[in-house]
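Enquirer: let's see this in three dimensions:
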Amino acid sequence: TAYELNKNAAYWTSALANLDYLLGRNATNYSFVTGFGDNTPMHPHHRISESDGIVNPHPGMLVGGAQNSNNPDGCAYTSNNPATRYLDDVCSYSTNEIAINWNAPLVFLAFGIEALNPCATALPLNFLDLYSDVEENKTILHWTTINEKNTGSFTILRSIDGISFKNTGNVLAKNEIAQNDYTFEDAYINQSVVYYKIRETDLNGKTFDSPIIEVSREDSENIQLFPNPTSKGDITLVMKNTTGLTLQITNLLGEKVYQHFLTSGENSCVLNLSGLPSGIYWVTLVDSSKTIQRKIVIQ
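Expert: From the prediction side, this is the model:
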């Protein structure tokens, strides 16, 4: 708490030293947490662990540890030194007993050290989704993130060869741990195929790139799915120059929920999806030379 209030790393280091002591950096060479370390209590003053017939005690329990009292439990201690007066025996309720009011601060200490670590860097956010829609005079990029922390902004990078990328716009980050949805509209350029990626920049200047996606205007002009999103469950597919292909629809778990075969010259069909629950689905069209995917939403 002191470190969180004034950011003096000495407080955090002191807390870490306490955890080090509990996990074995002490005069007894015992880790006082069962199951953690090479030399841990095997006979804690814990009736369940002692009577269950299992050699190892329940893991994760903090015992009392060395102390300088008169040890009224009557056990035979091998040391009178307060720093080493500890006995791993079920009889030692003064040094080897477990209690919830000891374990609770242990959990608070361990998680607090991890959460407030001044040496740690924020984990990169996760891109859950990145896809595009192509309209007559623009490309619309959609992306979804989770675990944004210390996130500053997103830079939209565009390329015509998939290698050299140029900045085409920026979007401020919402900087929330929960799911975040973004869109960006990019003006049309006279290219049949364009590549995009999203670069996230942390508040400290570090960057993290999304996967690259390919946007084909030719495919977009040849395929139409409408209405999308749909609330009635029926979506019309219109295509140009079909030579016979397979249409599959999968859910976000990758499970196939719909399949249809389009014969050569079949330019349109109505997909009856009324039996599917609301959600996001992928339409995959496969012919002998390529695979095309489109995202649809059933409301």
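Enquirer: residues contacting H58?
Expert: H58 is in contact with T34, G35, H46, I48, S49, counting by C-beta atoms under 8 Å, 6 or more residues apart in numbering. To be clear about C-beta, it is placed using only N, CA and C from the backbone, and glycine gets the same treatment.
Enquirer: let's see that with 10 Å instead.
Expert: T34, G35, P44, H46, I48, S49, D52, I98 (C-beta atoms under 10 Å, 6 or more residues apart in numbering).
Enquirer: quick one: secondary structure of K295?
Expert: Each residue gets one of three states, and K295 gets strand by DSSP: H, G, I helix; E, B strand; the rest coil.
Enquirer: so which strand or helix has L16?
Expert: Per DSSP states H and E, L16 falls inside helix 9-22.
Enquirer: which of the residues in the next helix or strand after that helix are buried?
Expert: Using DSSP H and E, the next helix or strand after helix 9-22 towards the C-terminus is helix 47-51. For helix 47-51, a neighbour-count test (16 or more other C-beta atoms under 10 Å) marks S49 as buried.
Enquirer: which helix or strand lies directly C-terminal to helix 47-51?
Expert: Proceeding N to C from helix 47-51, the next assigned helix or strand is helix 100-115, under DSSP H and E.
Enquirer: give me the contact list for that following helix.
Expert: Residues from elsewhere that reach helix 100-115, judged by C-beta under 10 Å, 6+ apart: 1, 3-4, 12-13, 15-16, 18-19, 22-23, 32-33, 60-65, 120.
Enquirer: what angle do that helix and helix 9-22 make?
Expert: Between helix 100-115 and helix 9-22, the angle comes out at 130 degrees (axes from the mean of the first three to the mean of the last three C-alpha atoms, to 10 degrees).
Enquirer: the helices in the stretch 101-250 of the chain, which residues?
Expert: In the stretch 101-250 of the chain, the helices defined using DSSP state H, counting those that start in this stretch lie at 217-222.
Enquirer: pipe the contacts of H58 into JSON lines and attach pLDDT and distance to T183 per row.
Expert: Output for the contacts of H58, formatted as JSON lines (pLDDT from 0 to 100; distance: C-beta to C-beta, whole Å):
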{"residue": "T34", "pLDDT": "92", "distance to T183": "52"}
{"residue": "G35", "pLDDT": "90", "distance to T183": "49"}
{"residue": "P44", "pLDDT": "92", "distance to T183": "57"}
{"residue": "H46", "pLDDT": "89", "distance to T183": "57"}
{"residue": "I48", "pLDDT": "88", "distance to T183": "56"}
{"residue": "S49", "pLDDT": "87", "distance to T183": "56"}
{"residue": "D52", "pLDDT": "85", "distance to T183": "57"}
{"residue": "I98", "pLDDT": "90", "distance to T183": "54"}
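Enquirer: thank you kindly, that will do.
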